[in-house]
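[1] this one's sequence-less:
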């Protein structure tokens, strides 16, 4: 009897050990999958009202999680937007503005902390497959800033000698400003001259790499960053999606991005990782309307990429984490990509970067906490170094500034850009709850709101600078520079 009792106790102990091990595996830090489209418009997903193509995988992701209606990027242009996403800072704080090109000598400073570096401190496997655009010189590449693996383009896929804007020039003249487009793996160029045929394979290549990375790291926490090259022009799509949508090449490209999302979510499900993985899908800015039928739509928001209007800075965003994020929810609170780093940092129990950041923890909004509000008193929208607008609650105040305007009459078509009109706006206040298209200036009716937002803007100018008022900003830090 005593032997039997010992056997039972030993068996019970072993079972308990097994339970602890399983529990520990389930309670490990969550995997993070961050998918970033390029120039995808607010209205380009089915769950945001898209017509002419379908996005069943993204729609399913939204149905299983949270869809954000008032999600913003810090600036409506490539490098600035990605800086905000990966560092939690307004790009003006770090000095990375616009879209860095093949001749740019600047990039992300070595002293800045990226989301990948935050997660590396918690022993995450980290990878980026896609467009980087925070500097193409070796010291700026992802593998120097927290990523274990990198495969992709260093900047936009139109920064090559075959851009339609320079196609009329002799090749030797084109190459002076736009060298051949390189494909990089790690810190080495593995293809010095990416062709159109190869661009058509980028979405597939990035997806295959992503799936393989997930499979290799299924037993440990991982961070997968997938910044697609598409639907930035020039548009390319693989044979598996070519001609499949009812809206031509642009629709085909969006459906291929949706296919990619489906491959990744299916992999997570197959490996039993869905319950422990936070998946985020969003875009780096609104649609590049100059390209007409090769650009997306903003679902009635005003203007697009390159502006501080809603169509430029408001983007689709869906997040899913079964069991942690309630299914089928919508969040209308104004938040921004700068909030992703601090939110994930808190989720995984890591420390925030030592240098000040601008983003705030928005987990109460993501997990559907009742009556949760945006933690921001205001969000600020610069174009370059010019503070052009500020949003606080339902209100958005534009300061006098020029902007590019595109309509059906001046848009291009089939890969060739039109010529945007140059316009200006004076001081104007919009109630986004009633007028998300920013058509009716209500500044005269709400002078108190104008005064309050102006005070907030002055604080931002003192911190981040403003070219319009010739302020440098006390909080602006040194940008990374290649020194002669």
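    Structure's in. What do you need? The model shown is predicted, which means the values in this text are computed figures rather than measured ones.

[2] low-confidence ranges in the protein?
    Where the chain drops to pLDDT under 70, the residues are 1-27, 484.

[3] and it, what are its domain boundaries?
    29-376, 380-481 (automatic domain parsing).

[4] straight-line length of the last one, end to end?
    So that's domain 380-481. 26 Å (Cα to Cα, to the nearest Å).

[5] any idea how far it is from the chain center?
    Computed by Cα atoms, centre = their mean, to the nearest Å, the separation of domain 380-481 from the middle of its chain amounts to 20 Å.

[6] the longest one too?
    Averaging C-alpha coordinates over domain 29-376 and over its chain gives two centres that are 4 Å apart (Cα atoms, centre = their mean).

[7] show the end-to-end separation of that domain, please.
    Span of domain 29-376 from end to end, Cα to Cα: 27 Å.

[8] quick revisit: pick the most buried one from the domains of the chain.
    domain 29-376 (a mean of 21; mean count of other Cβ atoms under 10 Å). In short, each C-beta sits where N, CA and C put it, glycine included.

[9] residue 180 touches residue 193, doesn't it?
    Yes: in this structure residue 180 lies within contact range of residue 193 using Cβ atoms under 8 Å: 4.0 Å.

[10] residue 57 should be in a strand, yeah?
    No: checked against DSSP: H, G, I helix; E, B strand; the rest coil, residue 57 lies outside a strand; its state is helix.

[11] could you verify my assumption that residue 111 touches residue 355?
    Yes: contact criterion Cβ under 8 Å: residue 111 and residue 355 qualify, at 7.2 Å.

[12] overlap in contacts of these two?
    Residues touching both residue 111 and residue 355 by Cβ atoms under 8 Å, 6 or more residues apart in numbering: residue 477.

[13] for the stretch 51-200 of the chain, just list every one of the helices.
    56-63, 78-87, 91-94, 115-120, 171-177, 196-199 (DSSP state H, counting those that start in this stretch).

[14] quick one: contacts of the fifth one?
    For helix 171-177, the external contacting residues (Cβ under 8 Å, 6+ apart) are 103, 161, 162, 166.

[15] which residues are in contact with residue 87?
    Applying Cβ under 8 Å, 6+ apart, the residues near residue 87 are 94, 108, 112, 113, 114, 115, 341, 353, 357.

[16] just name the closest of those to residue 80, please.
    residue 94 (9.2 Å; Cβ to Cβ).

[17] test my guess that the closest one contacts residue 108.
    Yes: the pair residue 94 / residue 108 is scored as a contact, 7.1 Å apart, by Cβ under 8 Å.

[18] overlap in contacts, these two.
    Joint contacts of residue 94 and residue 108 (Cβ under 8 Å, 6+ apart) are 83, 87.

[19] show me the strands in the stretch 251-400 of the chain, by range?
    277-283, 314-320, 329-331, 335-336, 379-383, 386-392, 395-398 (DSSP state E, counting those that start in this stretch).

[20] the stretch 101-250 of the chain too?
    Using DSSP E, counting those that start in this stretch, strands in the stretch 101-250 of the chain cover 106-107, 125-129, 149-152, 183-185, 188-191, 222-227.

[21] would you mind measuring from residue 404 to residue 208?
    For residue 404, the distance to residue 208 (Cβ to Cβ, to the nearest Å) stands at 37 Å.

[22] ok so, going back, most widely separated two among the contacts of helix 171-177?
    103 and 162 (17.4 Å).

[23] how far away is the residue lying closest to residue 105 once chain neighbours are set aside from residue 140?
    Nearest in space to residue 105, with sequence neighbours left out and distances taken as Cβ to Cβ, 6 or more residues apart in numbering, is residue 482 at 4.5 Å. Separation of residue 482 from residue 140 (Cβ to Cβ) stands at 8 Å.

[24] what's the answer for residue 126, then?
    16 Å.

[25] next one: residue 368
    Counting by Cβ to Cβ - residue 368 and residue 140 are separated by 38 Å.

[26] repeat for residue 296
    29 Å.

[27] who touches stretch 448-455?
    So stretch 448-455 is contacted by 378, 390, 392, 395, 397, 427, 429, 443 (Cβ under 8 Å, 6+ apart).

[28] which one of these sits closest to residue 28?
    residue 378 (36.8 Å).

[29] please name the residues that touch the closest one.
    390, 391, 392, 453, 456, 457, 460.

[30] quick one, helices of the stretch 301-450 of the chain?
    Going by DSSP H, counting those that start in this stretch, the stretch 301-450 of the chain shows helices at 310-313, 340-348, 363-366, 447-464.

[31] now the ones you listed in JSON lines, with distance to residue 252?
    Formatted as JSON lines, the helices of the stretch 301-450 of the chain follow (distance: least, Cβ to Cβ, whole Å):
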{"stretch": "helix 310-313", "distance to residue 252": "23"}
{"stretch": "helix 340-348", "distance to residue 252": "29"}
{"stretch": "helix 363-366", "distance to residue 252": "32"}
{"stretch": "helix 447-464", "distance to residue 252": "40"}
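
[32] closest one to residue 185 among the ones you listed?
    Of the helices of the stretch 301-450 of the chain, nearest to residue 185 by Cβ to Cβ is helix 340-348, at 25.7 Å.

[33] who does that closest one touch, helix- and strand-wise?
    Judged by 3 or more Cβ pairs under 8 Å, 6 or more residues apart in numbering; DSSP states H and E, helix 340-348 is in contact with helix 78-87, helix 115-120, strand 277-283, helix 363-366.

[34] contacts for that helix?
    Taking Cβ under 8 Å, 6+ apart as the rule, helix 340-348 contacts 29-30, 32, 34, 85-88, 115, 118-119, 122, 124, 221, 278, 280, 351-353, 357, 359-363, 366.

[35] that older thread, export the strands of the stretch 101-250 of the chain to a markdown table and tack on distance to residue 174?
    Output for those, formatted as a markdown table (distance: least, Cβ to Cβ, whole Å):
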| stretch | distance to residue 174 |
| --- | --- |
| strand 106-107 | 24 |
| strand 125-129 | 28 |
| strand 149-152 | 23 |
| strand 183-185 | 19 |
| strand 188-191 | 19 |
| strand 222-227 | 26 |
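
[36] distance check, residue 217 against residue 271.
    10 Å.

[37] scratch that, residue 387
    46 Å.

[38] same check on residue 343?
    Counting by Cβ to Cβ, the gap from residue 343 to residue 271 is 25 Å.

[39] what do you get for residue 477?
    Taking Cβ to Cβ, one finds residue 477 at 40 Å from residue 271.

[40] any idea how far residue 234 lies from residue 160?
    Applying Cβ to Cβ to residue 234 and residue 160 gives a distance of 9 Å.

[41] wait, I meant residue 457
    39 Å.

[42] go on, residue 220?
    In terms of Cβ to Cβ, residue 220 sits 37 Å off from residue 160.

[43] now residue 347
    Residue 347 is 39 Å from residue 160, by Cβ to Cβ.
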